[in-house]
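> Next comes the sequence, and after it the predicted model I'd like to discuss.
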Amino acid sequence: MASSPSSQIISIANLNKEYPNSKPVIRDLSLSVAPGEFVSVLGASGCGKSTLLKMIAGLSPISGGSIRIDGRAPEGARDAVSFVFQDSTLLPWRTVARNVELSLEFEQVPRPQRASRVAAVLKLVGLEEVHDYYPRQLSGGMKMRVSLARALVTTPRLLLMDEPFGALDAMTRNRLNEELLALKAQQQWTTLFVTHSITEAVFLSNRIILMGANPGRICEEVMIPLPTHRTAALRGDPAFLDLVGQVSRSFGALHL
Amino acid sequence: MIPSSWRLPLLTFCAVLLLWELSVIVFKVPDYLVPSPIEIGGLVRSRLPDLLHALLVTGTEAVGGFLLSAVVGVAVGLFFSTSSLIRRCFYPYVVLLQTIPIIAISPLILLWLGNGSASVLFISFLISVPAVIVNTTQGLISIEPNLLNLFRMGNAGVAAVLFKLRLPHALPHIFVGLKIAAGASVVGALVGETFAGSSSLGAGGLGYSSIYALSQLDTPYLFAIILTSSLLGLLLFFAVVVLERIMVGSWHESVRGDRVD
(Lines give C-alpha, C1' and ligand atoms only; values in the text may rest on other atoms or scores of the structure.)
Protein backbone atom coordinates (compact mmCIF):
# COMPACT_ATOMS: atom_id res chain seq x y z
CA MET A 1 0.00 0.00 0.00
CA ALA A 2 1.69 3.11 -1.23
CA SER A 3 -0.52 5.80 0.30
CA SER A 4 0.67 8.03 3.13
CA PRO A 5 -0.05 6.96 6.73
CA SER A 6 -2.63 9.70 7.31
CA SER A 7 -4.96 8.34 4.64
CA GLN A 8 -5.01 4.90 6.28
CA ILE A 9 -7.98 3.97 8.43
CA ILE A 10 -5.86 1.57 10.49
CA SER A 11 -2.17 2.34 11.11
CA ILE A 12 -0.34 -0.05 13.39
CA ALA A 13 3.37 0.44 14.00
CA ASN A 14 5.72 -1.89 15.88
CA LEU A 15 2.93 -3.24 18.05
CA ASN A 16 3.88 -5.39 21.02
CA LYS A 17 1.65 -7.26 23.42
CA GLU A 18 2.81 -9.25 26.40
CA TYR A 19 1.48 -10.35 29.74
CA PRO A 20 3.69 -10.31 32.84
CA ASN A 21 5.74 -13.49 33.31
CA SER A 22 4.82 -15.10 30.01
CA LYS A 23 5.96 -15.26 26.39
CA PRO A 24 5.04 -12.25 24.22
CA VAL A 25 1.69 -12.62 22.49
CA ILE A 26 2.44 -10.25 19.62
CA ARG A 27 5.85 -8.88 18.65
CA ASP A 28 6.72 -5.96 16.41
CA LEU A 29 3.61 -6.05 14.25
CA SER A 30 2.98 -3.30 11.70
CA LEU A 31 -0.06 -3.09 9.49
CA SER A 32 -1.90 -0.47 7.48
CA VAL A 33 -5.40 -0.75 6.10
CA ALA A 34 -6.74 1.73 3.57
CA PRO A 35 -10.37 2.90 3.48
CA GLY A 36 -12.65 0.47 1.66
CA GLU A 37 -10.29 -2.49 1.94
CA PHE A 38 -11.45 -5.92 3.08
CA VAL A 39 -8.49 -7.42 4.90
CA SER A 40 -8.58 -10.88 6.45
CA VAL A 41 -6.26 -12.02 9.19
CA LEU A 42 -5.63 -15.73 8.87
CA GLY A 43 -3.83 -17.73 11.51
CA ALA A 44 -3.87 -20.82 13.65
CA SER A 45 -5.61 -20.56 17.01
CA GLY A 46 -3.40 -19.00 19.63
CA CYS A 47 -1.45 -16.76 17.22
CA GLY A 48 -2.93 -13.64 18.79
CA LYS A 49 -5.26 -12.64 15.95
CA SER A 50 -8.25 -12.11 18.26
CA THR A 51 -6.04 -10.17 20.67
CA LEU A 52 -4.90 -7.99 17.76
CA LEU A 53 -8.52 -7.20 16.92
CA LYS A 54 -9.34 -6.39 20.56
CA MET A 55 -6.36 -4.02 20.74
CA ILE A 56 -7.51 -2.26 17.56
CA ALA A 57 -10.90 -1.81 19.25
CA GLY A 58 -9.23 -0.51 22.41
CA LEU A 59 -10.63 -3.43 24.39
CA SER A 60 -7.22 -4.76 25.34
CA PRO A 61 -4.26 -2.55 26.33
CA ILE A 62 -1.13 -2.58 24.17
CA SER A 63 2.35 -3.14 25.61
CA GLY A 64 4.33 -1.17 23.02
CA GLY A 65 4.14 0.49 19.61
CA SER A 66 1.13 2.41 18.40
CA ILE A 67 -2.33 1.96 16.94
CA ARG A 68 -4.16 4.81 15.20
CA ILE A 69 -7.70 4.53 13.91
CA ASP A 70 -8.45 7.33 11.51
CA GLY A 71 -5.64 9.22 13.19
CA ARG A 72 -7.11 8.74 16.67
CA ALA A 73 -6.38 6.45 19.61
CA PRO A 74 -8.58 3.29 19.53
CA GLU A 75 -10.58 4.27 22.64
CA GLY A 76 -11.42 7.62 21.10
CA ALA A 77 -12.40 6.24 17.70
CA ARG A 78 -15.20 3.94 18.81
CA ASP A 79 -17.89 6.12 17.26
CA ALA A 80 -16.49 5.09 13.87
CA VAL A 81 -15.94 1.41 14.71
CA SER A 82 -18.28 -1.57 15.12
CA PHE A 83 -17.21 -4.94 16.47
CA VAL A 84 -18.82 -8.24 15.49
CA PHE A 85 -17.95 -10.93 18.00
CA GLN A 86 -17.49 -14.69 17.56
CA ASP A 87 -20.87 -15.38 19.07
CA SER A 88 -23.83 -13.20 18.23
CA THR A 89 -23.81 -11.58 21.73
CA LEU A 90 -27.50 -10.67 21.53
CA LEU A 91 -29.38 -9.65 24.65
CA PRO A 92 -31.92 -12.50 25.12
CA TRP A 93 -34.43 -10.21 26.85
CA ARG A 94 -34.63 -7.87 23.87
CA THR A 95 -36.41 -8.52 20.60
CA VAL A 96 -34.47 -8.45 17.34
CA ALA A 97 -35.40 -4.80 16.74
CA ARG A 98 -34.55 -3.77 20.31
CA ASN A 99 -31.18 -5.54 20.04
CA VAL A 100 -30.32 -3.55 16.94
CA GLU A 101 -31.61 -0.40 18.62
CA LEU A 102 -29.05 -0.86 21.41
CA SER A 103 -26.28 0.55 19.18
CA LEU A 104 -28.37 3.66 18.57
CA GLU A 105 -29.01 4.03 22.31
CA PHE A 106 -25.24 3.98 22.83
CA GLU A 107 -24.90 6.79 20.28
CA GLN A 108 -27.76 8.66 21.97
CA VAL A 109 -29.78 8.85 18.80
CA PRO A 110 -33.16 10.45 19.67
CA ARG A 111 -35.93 7.87 20.04
CA PRO A 112 -38.10 9.03 17.09
CA GLN A 113 -35.24 8.47 14.64
CA ARG A 114 -34.35 5.01 15.90
CA ALA A 115 -37.28 3.00 14.56
CA SER A 116 -36.77 3.93 10.93
CA ARG A 117 -33.03 3.27 11.07
CA VAL A 118 -33.60 -0.12 12.73
CA ALA A 119 -36.23 -1.02 10.14
CA ALA A 120 -33.91 0.00 7.30
CA VAL A 121 -30.97 -2.06 8.49
CA LEU A 122 -33.16 -5.11 9.24
CA LYS A 123 -34.45 -4.90 5.68
CA LEU A 124 -30.86 -4.71 4.48
CA VAL A 125 -29.94 -8.00 6.18
CA GLY A 126 -33.26 -9.60 5.21
CA LEU A 127 -34.72 -9.83 8.70
CA GLU A 128 -37.73 -7.52 8.56
CA GLU A 129 -40.09 -10.44 9.26
CA VAL A 130 -38.48 -11.35 12.60
CA HIS A 131 -38.52 -7.76 13.88
CA ASP A 132 -40.37 -8.75 17.09
CA TYR A 133 -38.84 -12.18 17.69
CA TYR A 134 -36.66 -12.98 20.66
CA PRO A 135 -33.14 -14.36 20.04
CA ARG A 136 -34.08 -17.80 21.40
CA GLN A 137 -36.52 -18.15 18.49
CA LEU A 138 -33.79 -17.64 15.86
CA SER A 139 -31.35 -20.02 14.18
CA GLY A 140 -27.59 -19.47 14.49
CA GLY A 141 -27.37 -17.84 11.07
CA MET A 142 -30.22 -15.45 11.82
CA LYS A 143 -28.70 -14.47 15.16
CA MET A 144 -25.46 -13.62 13.38
CA ARG A 145 -27.41 -11.48 10.88
CA VAL A 146 -28.97 -9.58 13.79
CA SER A 147 -25.50 -9.10 15.23
CA LEU A 148 -24.35 -7.76 11.86
CA ALA A 149 -27.36 -5.45 11.66
CA ARG A 150 -26.57 -4.11 15.12
CA ALA A 151 -23.01 -3.38 13.96
CA LEU A 152 -24.13 -1.71 10.73
CA VAL A 153 -26.99 0.44 12.04
CA THR A 154 -24.54 3.10 13.20
CA THR A 155 -22.98 3.24 9.69
CA PRO A 156 -19.44 2.55 10.94
CA ARG A 157 -16.36 3.40 8.91
CA LEU A 158 -14.53 0.34 10.22
CA LEU A 159 -15.98 -3.09 10.91
CA LEU A 160 -13.90 -5.42 13.08
CA MET A 161 -15.06 -9.02 12.79
CA ASP A 162 -13.72 -11.79 15.02
CA GLU A 163 -14.49 -15.16 13.38
CA PRO A 164 -18.15 -14.17 13.14
CA PHE A 165 -19.22 -17.19 11.08
CA GLY A 166 -16.97 -19.77 12.74
CA ALA A 167 -19.77 -21.52 14.62
CA LEU A 168 -22.10 -21.83 11.63
CA ASP A 169 -22.54 -24.77 9.25
CA ALA A 170 -20.77 -24.51 5.89
CA MET A 171 -23.90 -23.71 3.85
CA THR A 172 -25.01 -20.89 6.13
CA ARG A 173 -21.46 -19.62 6.29
CA ASN A 174 -21.15 -19.42 2.50
CA ARG A 175 -24.48 -17.65 2.20
CA LEU A 176 -23.52 -15.12 4.87
CA ASN A 177 -20.18 -14.54 3.12
CA GLU A 178 -22.06 -13.62 -0.05
CA GLU A 179 -24.47 -11.40 1.84
CA LEU A 180 -21.61 -9.66 3.62
CA LEU A 181 -20.02 -8.71 0.31
CA ALA A 182 -23.36 -7.50 -1.04
CA LEU A 183 -23.77 -5.31 2.06
CA LYS A 184 -20.25 -3.95 1.72
CA ALA A 185 -20.95 -2.98 -1.90
CA GLN A 186 -23.85 -0.85 -0.64
CA GLN A 187 -22.32 0.63 2.49
CA GLN A 188 -18.57 0.98 1.80
CA TRP A 189 -17.05 0.25 5.16
CA THR A 190 -13.54 -1.02 5.75
CA THR A 191 -13.24 -4.48 7.26
CA LEU A 192 -10.64 -6.32 9.27
CA PHE A 193 -11.87 -9.87 9.39
CA VAL A 194 -10.31 -12.56 11.58
CA THR A 195 -10.86 -16.15 10.45
CA HIS A 196 -9.20 -19.54 10.30
CA SER A 197 -10.96 -20.54 7.09
CA ILE A 198 -8.78 -20.12 4.00
CA THR A 199 -11.65 -20.30 1.49
CA GLU A 200 -13.63 -17.74 3.48
CA ALA A 201 -10.63 -15.40 3.58
CA VAL A 202 -10.00 -15.72 -0.17
CA PHE A 203 -13.67 -15.28 -1.05
CA LEU A 204 -14.09 -12.12 1.00
CA SER A 205 -10.79 -10.28 0.92
CA ASN A 206 -8.78 -7.84 -1.13
CA ARG A 207 -5.76 -8.81 0.96
CA ILE A 208 -4.95 -11.62 3.39
CA ILE A 209 -2.54 -11.28 6.29
CA LEU A 210 -1.02 -14.59 7.37
CA MET A 211 -0.08 -14.62 11.03
CA GLY A 212 2.36 -16.98 12.72
CA ALA A 213 2.37 -17.88 16.39
CA ASN A 214 4.89 -17.69 19.27
CA PRO A 215 5.13 -14.77 19.15
CA GLY A 216 2.23 -13.56 17.02
CA ARG A 217 3.56 -11.75 13.95
CA ILE A 218 2.73 -11.11 10.31
CA CYS A 219 4.48 -13.71 8.15
CA GLU A 220 3.11 -12.98 4.73
CA GLU A 221 0.64 -10.81 2.86
CA VAL A 222 -1.27 -12.19 -0.10
CA MET A 223 -3.17 -9.91 -2.48
CA ILE A 224 -6.42 -11.33 -3.82
CA PRO A 225 -6.85 -9.82 -7.29
CA LEU A 226 -10.35 -11.18 -7.86
CA PRO A 227 -13.10 -8.88 -9.18
CA THR A 228 -14.87 -6.70 -6.60
CA HIS A 229 -18.25 -8.13 -7.51
CA ARG A 230 -18.21 -11.72 -6.24
CA THR A 231 -21.00 -14.27 -6.19
CA ALA A 232 -21.39 -17.92 -5.19
CA ALA A 233 -20.26 -18.94 -8.70
CA LEU A 234 -16.78 -17.65 -7.91
CA ARG A 235 -16.16 -20.67 -5.65
CA GLY A 236 -15.89 -22.90 -8.75
CA ASP A 237 -13.68 -20.45 -10.66
CA PRO A 238 -10.11 -21.75 -11.41
CA ALA A 239 -8.59 -18.37 -10.42
CA PHE A 240 -10.32 -18.63 -7.02
CA LEU A 241 -9.20 -22.23 -6.50
CA ASP A 242 -5.64 -21.28 -7.50
CA LEU A 243 -5.57 -18.56 -4.85
CA VAL A 244 -6.97 -20.93 -2.22
CA GLY A 245 -4.18 -23.36 -3.12
CA GLN A 246 -1.56 -20.63 -2.99
CA VAL A 247 -2.71 -19.38 0.42
CA SER A 248 -2.92 -22.96 1.70
CA ARG A 249 0.68 -23.60 0.69
CA SER A 250 1.88 -20.37 2.30
CA PHE A 251 -0.11 -21.19 5.39
CA GLY A 252 1.28 -24.73 5.49
CA ALA A 253 4.83 -23.43 5.17
CA LEU A 254 4.34 -21.40 8.38
CA HIS A 255 3.92 -24.53 10.40
CA LEU A 256 6.96 -26.47 9.19
CA MET B 1 -62.07 -29.02 33.03
CA ILE B 2 -58.98 -30.74 34.42
CA PRO B 3 -55.79 -30.46 32.31
CA SER B 4 -54.78 -33.88 30.96
CA SER B 5 -51.35 -33.73 32.59
CA TRP B 6 -53.05 -33.43 36.00
CA ARG B 7 -55.35 -36.43 35.59
CA LEU B 8 -52.89 -39.20 36.51
CA PRO B 9 -51.37 -37.45 39.54
CA LEU B 10 -54.89 -36.65 40.79
CA LEU B 11 -55.87 -40.29 40.34
CA THR B 12 -52.83 -41.36 42.39
CA PHE B 13 -53.82 -38.85 45.07
CA CYS B 14 -57.35 -40.24 45.31
CA ALA B 15 -56.03 -43.81 45.41
CA VAL B 16 -53.67 -42.98 48.29
CA LEU B 17 -56.51 -41.29 50.22
CA LEU B 18 -58.72 -44.31 49.69
CA LEU B 19 -55.97 -46.71 50.82
CA TRP B 20 -55.33 -44.52 53.86
CA GLU B 21 -59.01 -44.44 54.82
CA LEU B 22 -59.35 -48.22 54.42
CA SER B 23 -56.14 -48.95 56.36
CA VAL B 24 -57.28 -46.85 59.29
CA ILE B 25 -60.61 -48.72 59.37
CA VAL B 26 -59.23 -52.22 58.79
CA PHE B 27 -56.29 -51.98 61.22
CA LYS B 28 -58.30 -49.98 63.78
CA VAL B 29 -55.59 -47.27 64.08
CA PRO B 30 -56.46 -44.91 66.97
CA ASP B 31 -57.10 -41.36 65.72
CA TYR B 32 -54.55 -39.78 68.08
CA LEU B 33 -51.86 -41.65 66.07
CA VAL B 34 -53.22 -41.44 62.50
CA PRO B 35 -56.64 -39.93 61.86
CA SER B 36 -58.53 -40.89 58.73
CA PRO B 37 -58.80 -38.49 55.78
CA ILE B 38 -62.55 -38.13 56.28
CA GLU B 39 -62.01 -37.17 59.90
CA ILE B 40 -59.39 -34.60 58.93
CA GLY B 41 -61.68 -33.23 56.25
CA GLY B 42 -64.53 -32.83 58.72
CA LEU B 43 -62.24 -31.11 61.19
CA VAL B 44 -60.95 -28.68 58.56
CA ARG B 45 -64.53 -27.69 57.90
CA SER B 46 -65.60 -27.33 61.54
CA ARG B 47 -62.49 -25.40 62.63
CA LEU B 48 -62.03 -23.41 59.45
CA PRO B 49 -62.14 -20.00 61.21
CA ASP B 50 -59.31 -21.07 63.57
CA LEU B 51 -57.25 -22.42 60.69
CA LEU B 52 -57.79 -19.34 58.56
CA HIS B 53 -56.79 -17.11 61.42
CA ALA B 54 -53.60 -19.10 62.04
CA LEU B 55 -52.96 -19.03 58.30
CA LEU B 56 -53.31 -15.24 58.29
CA VAL B 57 -50.90 -14.84 61.23
CA THR B 58 -48.23 -17.17 59.82
CA GLY B 59 -48.84 -15.96 56.27
CA THR B 60 -48.17 -12.37 57.31
CA GLU B 61 -44.94 -13.40 59.02
CA ALA B 62 -43.79 -15.58 56.11
CA VAL B 63 -44.68 -13.02 53.43
CA GLY B 64 -43.03 -10.30 55.53
CA GLY B 65 -39.89 -12.39 55.92
CA PHE B 66 -39.94 -13.22 52.23
CA LEU B 67 -40.37 -9.61 51.09
CA LEU B 68 -37.65 -8.44 53.44
CA SER B 69 -35.30 -11.13 52.15
CA ALA B 70 -36.14 -10.17 48.55
CA VAL B 71 -35.36 -6.49 49.12
CA VAL B 72 -32.30 -7.02 51.32
CA GLY B 73 -31.05 -9.97 49.23
CA VAL B 74 -31.14 -8.07 45.94
CA ALA B 75 -29.59 -4.99 47.56
CA VAL B 76 -26.75 -7.02 49.05
CA GLY B 77 -26.29 -8.83 45.73
CA LEU B 78 -25.96 -5.46 43.98
CA PHE B 79 -23.43 -4.37 46.59
CA PHE B 80 -21.46 -7.61 46.16
CA SER B 81 -21.45 -7.29 42.38
CA THR B 82 -19.59 -3.98 42.51
CA SER B 83 -16.21 -5.40 43.44
CA SER B 84 -14.45 -8.71 43.87
CA LEU B 85 -12.71 -7.28 46.95
CA ILE B 86 -16.08 -6.82 48.65
CA ARG B 87 -17.06 -10.35 47.65
CA ARG B 88 -13.86 -11.81 49.03
CA CYS B 89 -14.47 -10.00 52.33
CA PHE B 90 -18.15 -10.83 52.86
CA TYR B 91 -19.23 -13.71 50.63
CA PRO B 92 -17.93 -16.48 52.94
CA TYR B 93 -20.18 -15.15 55.69
CA VAL B 94 -23.26 -15.46 53.50
CA VAL B 95 -22.36 -19.11 52.96
CA LEU B 96 -21.79 -19.40 56.69
CA LEU B 97 -25.19 -17.87 57.37
CA GLN B 98 -26.67 -20.65 55.26
CA THR B 99 -24.96 -23.33 57.33
CA ILE B 100 -25.95 -21.97 60.76
CA PRO B 101 -28.95 -23.94 61.99
CA ILE B 102 -31.45 -21.16 62.52
CA ILE B 103 -32.99 -23.13 65.38
CA ALA B 104 -29.72 -22.65 67.23
CA ILE B 105 -29.87 -18.86 67.05
CA SER B 106 -33.63 -18.50 67.43
CA PRO B 107 -33.47 -18.14 71.23
CA LEU B 108 -31.06 -15.26 70.76
CA ILE B 109 -33.44 -13.49 68.40
CA LEU B 110 -36.18 -14.05 70.95
CA LEU B 111 -33.99 -12.40 73.55
CA TRP B 112 -33.42 -9.34 71.35
CA LEU B 113 -36.76 -8.88 69.66
CA GLY B 114 -39.07 -10.41 72.23
CA ASN B 115 -41.94 -12.83 71.82
CA GLY B 116 -44.18 -12.37 68.84
CA SER B 117 -44.42 -11.71 65.14
CA ALA B 118 -41.34 -9.47 64.88
CA SER B 119 -39.05 -12.30 65.99
CA VAL B 120 -40.83 -14.81 63.76
CA LEU B 121 -40.57 -12.52 60.76
CA PHE B 122 -36.88 -12.01 61.42
CA ILE B 123 -36.23 -15.76 61.68
CA SER B 124 -38.13 -16.27 58.43
CA PHE B 125 -35.99 -13.55 56.84
CA LEU B 126 -32.71 -15.04 58.09
CA ILE B 127 -33.57 -18.44 56.67
CA SER B 128 -34.57 -17.16 53.25
CA VAL B 129 -32.13 -14.31 52.55
CA PRO B 130 -28.91 -16.25 51.71
CA ALA B 131 -30.47 -17.89 48.62
CA VAL B 132 -31.47 -14.47 47.28
CA ILE B 133 -28.04 -12.95 47.93
CA VAL B 134 -26.12 -15.84 46.38
CA ASN B 135 -28.27 -16.10 43.26
CA THR B 136 -28.50 -12.35 42.69
CA THR B 137 -24.73 -11.98 42.98
CA GLN B 138 -24.15 -14.87 40.59
CA GLY B 139 -26.60 -13.42 38.07
CA LEU B 140 -25.02 -9.98 38.20
CA ILE B 141 -21.43 -11.13 37.76
CA SER B 142 -21.72 -14.17 35.46
CA ILE B 143 -21.85 -12.08 32.30
CA GLU B 144 -20.18 -13.21 29.11
CA PRO B 145 -17.01 -11.10 28.59
CA ASN B 146 -17.97 -10.22 25.00
CA LEU B 147 -21.30 -8.75 26.15
CA LEU B 148 -19.31 -6.45 28.42
CA ASN B 149 -17.00 -5.70 25.47
CA LEU B 150 -20.04 -4.82 23.37
CA PHE B 151 -21.07 -2.26 25.99
CA ARG B 152 -17.51 -0.92 26.16
CA MET B 153 -17.52 -0.49 22.38
CA GLY B 154 -20.65 1.62 22.85
CA ASN B 155 -18.86 3.71 25.52
CA ALA B 156 -21.66 2.72 27.91
CA GLY B 157 -21.52 4.12 31.45
CA VAL B 158 -21.92 2.24 34.73
CA ALA B 159 -25.66 2.94 34.84
CA ALA B 160 -26.24 1.65 31.31
CA VAL B 161 -24.26 -1.52 32.03
CA LEU B 162 -26.27 -2.07 35.23
CA PHE B 163 -29.74 -1.38 33.88
CA LYS B 164 -29.37 -2.63 30.31
CA LEU B 165 -27.09 -5.61 30.94
CA ARG B 166 -26.43 -6.77 34.49
CA LEU B 167 -29.92 -6.49 36.01
CA PRO B 168 -31.88 -8.05 33.13
CA HIS B 169 -29.25 -10.81 32.91
CA ALA B 170 -29.58 -11.41 36.66
CA LEU B 171 -33.39 -11.54 36.64
CA PRO B 172 -33.77 -15.31 35.98
CA HIS B 173 -31.12 -15.97 38.65
CA ILE B 174 -32.91 -13.68 41.10
CA PHE B 175 -36.09 -15.69 40.55
CA VAL B 176 -34.26 -18.93 41.31
CA GLY B 177 -33.28 -17.33 44.63
CA LEU B 178 -36.81 -16.03 45.25
CA LYS B 179 -38.35 -19.46 44.67
CA ILE B 180 -36.03 -21.00 47.23
CA ALA B 181 -36.74 -18.09 49.58
CA ALA B 182 -40.51 -18.54 49.16
CA GLY B 183 -40.36 -22.08 50.51
CA ALA B 184 -37.76 -21.25 53.14
CA SER B 185 -39.67 -18.26 54.50
CA VAL B 186 -42.67 -20.46 55.34
CA VAL B 187 -40.39 -22.98 57.07
CA GLY B 188 -38.76 -20.10 58.91
CA ALA B 189 -42.08 -18.70 60.05
CA LEU B 190 -43.27 -22.11 61.31
CA VAL B 191 -40.01 -22.84 63.10
CA GLY B 192 -39.93 -19.31 64.47
CA GLU B 193 -43.43 -19.66 65.89
CA THR B 194 -42.60 -22.82 67.78
CA PHE B 195 -40.08 -20.65 69.62
CA ALA B 196 -41.49 -17.21 69.55
CA GLY B 197 -45.11 -17.58 68.56
CA SER B 198 -47.41 -15.41 70.62
CA SER B 199 -49.64 -17.43 72.90
CA SER B 200 -51.93 -14.57 73.71
CA LEU B 201 -55.51 -15.58 73.15
CA GLY B 202 -56.32 -16.26 69.49
CA ALA B 203 -53.04 -14.80 68.27
CA GLY B 204 -51.16 -18.05 67.57
CA GLY B 205 -50.12 -18.89 64.04
CA LEU B 206 -49.77 -22.33 62.48
CA GLY B 207 -46.46 -23.15 64.18
CA TYR B 208 -47.73 -22.21 67.58
CA SER B 209 -51.03 -24.03 67.02
CA SER B 210 -49.19 -27.20 66.07
CA ILE B 211 -47.25 -27.18 69.34
CA TYR B 212 -50.51 -26.58 71.21
CA ALA B 213 -52.32 -29.35 69.30
CA LEU B 214 -49.47 -31.72 70.06
CA SER B 215 -49.68 -30.98 73.77
CA GLN B 216 -53.40 -31.82 73.61
CA LEU B 217 -52.75 -34.92 71.51
CA ASP B 218 -55.16 -33.36 69.02
CA THR B 219 -53.62 -35.27 66.10
CA PRO B 220 -56.46 -34.63 63.62
CA TYR B 221 -55.99 -30.86 64.10
CA LEU B 222 -52.24 -31.34 63.70
CA PHE B 223 -52.91 -32.86 60.30
CA ALA B 224 -55.22 -29.99 59.43
CA ILE B 225 -52.41 -27.58 60.34
CA ILE B 226 -49.96 -29.50 58.14
CA LEU B 227 -52.43 -29.15 55.25
CA THR B 228 -52.84 -25.45 55.85
CA SER B 229 -49.08 -24.91 56.12
CA SER B 230 -48.54 -26.73 52.82
CA LEU B 231 -51.18 -24.51 51.27
CA LEU B 232 -49.31 -21.43 52.47
CA GLY B 233 -46.02 -22.69 51.01
CA LEU B 234 -47.71 -23.47 47.69
CA LEU B 235 -49.44 -20.09 47.50
CA LEU B 236 -46.24 -18.15 48.10
CA PHE B 237 -44.29 -20.30 45.65
CA PHE B 238 -46.89 -19.92 42.92
CA ALA B 239 -47.06 -16.18 43.47
CA VAL B 240 -43.33 -16.05 42.66
CA VAL B 241 -43.75 -18.37 39.65
CA VAL B 242 -46.51 -16.15 38.25
CA LEU B 243 -44.35 -13.05 38.70
CA GLU B 244 -41.47 -14.87 37.01
CA ARG B 245 -43.69 -15.77 34.03
CA ILE B 246 -44.69 -12.15 33.68
CA MET B 247 -41.18 -10.73 33.97
CA VAL B 248 -38.95 -13.22 32.14
CA GLY B 249 -41.38 -15.64 30.52
CA SER B 250 -41.31 -14.00 27.12
CA TRP B 251 -37.58 -14.32 26.54
CA HIS B 252 -36.01 -16.89 28.85
CA GLU B 253 -35.14 -20.32 27.41
CA SER B 254 -36.71 -22.19 30.30
CA VAL B 255 -40.20 -21.45 29.03
CA ARG B 256 -40.70 -22.65 25.46
CA GLY B 257 -38.61 -23.63 22.47
CA ASP B 258 -40.46 -22.22 19.50
CA ARG B 259 -37.69 -21.62 16.98
CA VAL B 260 -37.96 -20.64 13.38
CA ASP B 261 -35.43 -21.49 10.68
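Great, that's in hand. No experiment lies behind these values; they were computed from the predicted model shown.
> what residues does stretch B:35-54 touch?
B:17, B:20-21, B:24-25, B:31, B:202, B:204-206, B:208-209, B:219-221, B:223-225, B:227-228 (CB atoms under 8 Å, 6 or more residues apart in numbering or on different chains). For glycine as for every other residue, the C-beta is placed from the backbone atoms N, C-alpha and C.
> Narrow the residues you listed to just the buried residues.
Buried by 16 or more other CB atoms under 10 Å in any protein chain shown: B:20, B:24, B:204-206, B:208-209, B:219-221, B:223-225, B:228, out of the contacts of stretch B:35-54.
> Run a quick neighbour tally on the residue in the stretch 1-150 of chain B positioned nearest to chain A.
Proximity of the stretch 1-150 of chain B to chain A (CB to the nearest CB) peaks at residue B:146, 4.4 Å away. Residue neighbour count, defined by other CB atoms under 10 Å in any protein chain shown, stands at 18 for residue B:146.
> From residue A:121, how far out is the residue lying closest to it once chain neighbours are set aside?
Leaving aside its sequence neighbours, residue B:146 sits nearest to residue A:85 (CB to CB, 6 or more residues apart in numbering or on different chains; 4.4 Å). Going from residue A:85 to residue A:121 by CB to CB, to the nearest Å gives 18 Å.
> what about those two, which has more around it?
residue A:121 (26 against 23).
> show me where pLDDT drops low in chain B?
By pLDDT under 70, the low-scoring segments of chain B are B:1, B:197-203, B:253-261.
> how about the residues of the stretch 51-200 of chain B near chain A?
B:144, B:146-147, B:149-156, B:160, B:164-165, B:168-169, B:171 (CB under 8 Å from any CB of the partner chain).
> For the chain, just list every one of the helices.
In the absence of a named chain, this looks at chain A. A:49-56, A:96-106, A:111-124, A:140-152, A:170-187, A:198-204, A:238-254 (DSSP state H).
> wrong one, chain B
Remark: helices assigned in chain B by DSSP H are B:4-26, B:37-46, B:48-81, B:84-99, B:102-113, B:117-141, B:145-153, B:158-161, B:167-196, B:206-215, B:219-248.
> what separates the fifth one from the chain centre, distance-wise?
Centre-to-centre, helix B:102-113 and its host chain are 20 Å apart (CA atoms, centre = their mean, to the nearest Å).
> which helices and strands sit right next to that helix?
Helices and strands touching helix B:102-113, by 3 or more CB pairs under 8 Å, 6 or more residues apart in numbering or on different chains; DSSP states H and E, are helix B:117-141, helix B:167-196.
> Can I get these in a markdown table including distance to residue B:99 and mean neighbour count?
Listed next are the helices and strands packed on helix B:102-113 as a markdown table, based on distance: least, CB to CB, whole Å; neighbours: other CB atoms under 10 Å in any protein chain shown:
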| stretch | distance to residue B:99 | mean neighbour count |
| --- | --- | --- |
| helix B:117-141 | 9 | 25 |
| helix B:167-196 | 14 | 23 |
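> Distance to residue A:214 added to those helices, as a markdown table?
Formatted as a markdown table, the helices and strands packed on helix B:102-113 follow (distance: least, CB to CB, whole Å):
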| stretch | distance to residue A:214 |
| --- | --- |
| helix B:117-141 | 33 |
| helix B:167-196 | 37 |
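> Tell me which of the ones you listed sits nearest to residue B:232.
Smallest distance to residue B:232 across the helices and strands packed on helix B:102-113 (CB to CB): 5.4 Å, for helix B:167-196.
> Tell me which residues touch the closest residue to residue B:120 other than its chain neighbours, please.
Distance criterion CB to CB, 6+ apart; nearest residue to residue B:120, sequence neighbours excluded, is residue B:192 at 3.7 Å. Residues near residue B:192 by CB under 8 Å, 6+ apart: B:61, B:106, B:109, B:119-124, B:207.
> can we see that at 6 Å?
Counting by CB atoms under 6 Å, 6 or more residues apart in numbering or on different chains, residue B:192 makes contact with B:120, B:123-124.
> how near is it to chain A?
Counting by CB to the nearest CB, to the nearest Å, the gap between residue B:192 and chain A amounts to 37 Å.
> before we move on, the earlier item: can you list the helices of chain B in JSON lines and add distance to residue A:128?
Output for the helices of chain B, formatted as JSON lines (distance: least, CB to CB, whole Å):
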{"stretch": "helix B:4-26", "distance to residue A:128": "38"}
{"stretch": "helix B:37-46", "distance to residue A:128": "59"}
{"stretch": "helix B:48-81", "distance to residue A:128": "38"}
{"stretch": "helix B:84-99", "distance to residue A:128": "43"}
{"stretch": "helix B:102-113", "distance to residue A:128": "56"}
{"stretch": "helix B:117-141", "distance to residue A:128": "33"}
{"stretch": "helix B:145-153", "distance to residue A:128": "23"}
{"stretch": "helix B:158-161", "distance to residue A:128": "27"}
{"stretch": "helix B:167-196", "distance to residue A:128": "25"}
{"stretch": "helix B:206-215", "distance to residue A:128": "57"}
{"stretch": "helix B:219-248", "distance to residue A:128": "27"}
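> right, so of the ones you listed, which gets closest to residue A:12?
That would be helix B:145-153 among the helices of chain B, by CB to CB, at 18.5 Å.
> For the closest one, which residues meet the burial criterion?
B:146-153.
> And stretch A:222-230, what's buried?
The neighbour-count criterion (16+ other CB under 10 Å) identifies A:222, A:224, A:226, A:230 as the buried residues of stretch A:222-230.
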